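Novice: predicted model follows, preceded by the sequence.
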Amino acid sequence: MTATTVETLDRAPAHAARRPAPAPIPFVRLLKVELVKMFDTRAGFWLMMSMAGAALIATVSVLVFAPESALTYDNFGAAIGVPMTLLLPVMAILSVTSEWSQRSGLTTFTLVPHRGRVIRAKLVVSVALGAVSIGVALAIGALGNLVGSNIAGVPTVWDISGNQIVMLVLANVLNLLIGFMLGVLIRNSPGAIVGFVVYSFVLPGLSVLLGNFQQWWVDLRPWLDFNWAQGELYDGHLTATEWAQLGTSGAIWLVVPLIVGLVMVMRSEVK
Amino acid sequence: MIEVTALTRTYGGLRAVDDVTFSAEPGRVTGFLGPNGAGKSTTMRVMVGLTPATSGTATVLGRKYADLPNPGREVGVLLDASAQHGGRTGRETLKVAALTMGLPMSRVDELLDTVSLSPKEAERRVKNYSLGMRQRLGIATALIGDPEVLILDEPANGLDPAGIRWMRDLLRGFANRGGTVLLSSHLLHEIEVIADDLVVIGQGRIVARGTKAALLATAGTLVRSSAISELTRALAENGIHAVASGPNGLRAEADADQIGKVALAAGVPLTELRAADGAGLEEMFLELTADTSREGAAA
């Protein structure tokens, strides 16, 4: 585009006259930059590799350990889903927190002095990468299902409906968004990852414990426990009430903290 | 062109930057001086929008930094060379910057060459870089968009003597081509060699600003005598302010001619009488910031 001005660097009085202002940075370019940044660090590269690796290991494990009757697409999908529920949010967390923990934000936010645009680009890239990862994982599972049933000599069972796949993708994207939210809110890599573990593995346990003793919590839990509400997604169909419960608990546990985090990102100093 | 007007940034009750006003002109290198914690870095961070100002404004090329459509193409910024992603290679770091600014990838190799990072070094991860190499990479990031203005915080840190010389020539050349350079440093000698204009800051407030020539001219006259106490008295009687400077020496706030006359009238023998340019920036710096420095009036 403006390659001519670039080539005049180091030549005589290019600086003397005030040059015309360059074109603004388009959002698509930011998407490309953030995509490159996901892969070009050591942590990013191995995170992506480990996602493919974990899907492969999960598939092989089902092949080796599952009884013949369990060689169904549903089981392959479930096995692959387990590492995904941890790795996708970590990917989303690191895309945000590395700017602070690695302090690369000093350069990022001076080159693009609109933090909202950068964060938005990160969000779009994270969700897109998450969706692609789930697609790849489902393809690996499908391959495992084909190979497994052929080796075992049993009919290939495709017991995941299109609707279930949509719900599965939605559940994983929600999970990834939780990671993203914690990244924006905490802005520190180890802190946000610990936060995610607490959020996803400790809080649900506490919720169950509380439910054992307090009837009022049992009544309110579907509306207030985000993890509980998400559980229905993995079953593949939600009633209108369950959608409402997912929305309510999601607003409390995802949307509000995300907004708080975004406000803090906009106002905070980058050091 | 950088213009900072009545800039203030407070942290709770602390005024880290207190009503700071100055400008950096095109074609000149402006040195930004101050003791540790004086507010240099905070001022620079406010200029590029990383820290919000409490009040006041800072503009670069006539616009607020955030209003620059593609800041990297107009302003090269290096605030902290160690603030780079350790897991990324040097080349990738530059590639990300070039990509953001919309530059051709050929610029990456050009800039690696400009800052003398070898292709092999460029493939190493920044985590394994020395401070000097990070500084070179940071300079490359600042220069890659062919900007008109450079804002550099302590760019000479970690560079070896040859690297410091290289940096000096680079900045001089940049300013000579009409560019604006604002650089902070606590390496007084570096600033003295390269800067055309000086801005001195202490505890968030500007304590002096102007051309280097004008500021150093106020350093006064160095006079030595074997009868130092008589000379001190004679100068005081004539209303000339003088402070001790070295053995049997005074630095007086008057020109050599005037001091010579006072000494002659008082019959005091002189062993040395010259403009106190040798003390230069260091003395001026310590004096100007004495009230505000941690060591108190150690100067």
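Specialist: Cool, the structure landed.
Novice: what residues sit buried inside the host helix or strand of residue A:245?
Specialist: Using DSSP states H and E, residue A:245 sits in helix A:240-250. Neighbour-count burial for helix A:240-250, counted by 16 or more other C-beta atoms under 10 Å in any protein chain shown, picks out A:242, A:245-246, A:249-250. All C-beta atoms are positioned from the backbone trio N, CA, C, and that covers glycine.
Novice: what does stretch B:247-255 give?
Specialist: Buried residues in stretch B:247-255 (16+ other C-beta under 10 Å): B:249-254.
Novice: make JSON lines out of those and add secondary structure and distance to residue A:48.
Specialist: Below are those laid out as JSON lines (DSSP: H, G, I helix; E, B strand; the rest coil; distance: C-beta to C-beta, whole Å):
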{"residue": "B:249", "secondary structure": "strand", "distance to residue A:48": "68"}
{"residue": "B:250", "secondary structure": "strand", "distance to residue A:48": "70"}
{"residue": "B:251", "secondary structure": "strand", "distance to residue A:48": "65"}
{"residue": "B:252", "secondary structure": "strand", "distance to residue A:48": "70"}
{"residue": "B:253", "secondary structure": "coil", "distance to residue A:48": "68"}
{"residue": "B:254", "secondary structure": "coil", "distance to residue A:48": "72"}
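Novice: reformat the residues you listed as JSON lines; add distance to residue B:35 and pLDDT.
Specialist: Converted to JSON lines, those look like this (distance: C-beta to C-beta, whole Å; pLDDT from 0 to 100):
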{"residue": "B:249", "distance to residue B:35": "25", "pLDDT": "87"}
{"residue": "B:250", "distance to residue B:35": "25", "pLDDT": "87"}
{"residue": "B:251", "distance to residue B:35": "21", "pLDDT": "84"}
{"residue": "B:252", "distance to residue B:35": "26", "pLDDT": "86"}
{"residue": "B:253", "distance to residue B:35": "23", "pLDDT": "84"}
{"residue": "B:254", "distance to residue B:35": "28", "pLDDT": "84"}
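Novice: just put the residues you listed in a markdown table and tack on distance to chain A.
Specialist: What follows is those, written out as a markdown table (distance: C-beta to the nearest C-beta, whole Å):
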| residue | distance to chain A |
| --- | --- |
| B:249 | 44 |
| B:250 | 45 |
| B:251 | 40 |
| B:252 | 43 |
| B:253 | 39 |
| B:254 | 42 |
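Novice: of the residues you listed, closest to residue B:46?
Specialist: Proximity of the buried residues of stretch B:247-255 to residue B:46 (C-beta to C-beta) peaks at residue B:253, which lies at 34.9 Å.
Novice: alpha carbons only: can I get stretch A:211-224 in PDB?
Specialist: C-alpha atoms of stretch A:211-224 as PDB (Å, rounded to 0.1, in the frame of the first residue of the first chain):
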ATOM      1  CA  GLY A 211     -26.900 -28.200  48.300                       C
ATOM      2  CA  ASN A 212     -26.500 -31.200  50.700                       C
ATOM      3  CA  PHE A 213     -27.300 -28.900  53.700                       C
ATOM      4  CA  GLN A 214     -29.400 -26.000  52.400                       C
ATOM      5  CA  GLN A 215     -32.600 -26.600  50.700                       C
ATOM      6  CA  TRP A 216     -32.800 -22.900  49.500                       C
ATOM      7  CA  TRP A 217     -29.700 -23.500  47.500                       C
ATOM      8  CA  VAL A 218     -31.100 -26.600  45.900                       C
ATOM      9  CA  ASP A 219     -34.000 -24.500  44.700                       C
ATOM     10  CA  LEU A 220     -32.000 -21.700  43.400                       C
ATOM     11  CA  ARG A 221     -29.000 -23.600  42.100                       C
ATOM     12  CA  PRO A 222     -30.200 -24.100  38.500                       C
ATOM     13  CA  TRP A 223     -30.500 -20.300  38.200                       C
ATOM     14  CA  LEU A 224     -27.300 -19.400  40.000                       C
END
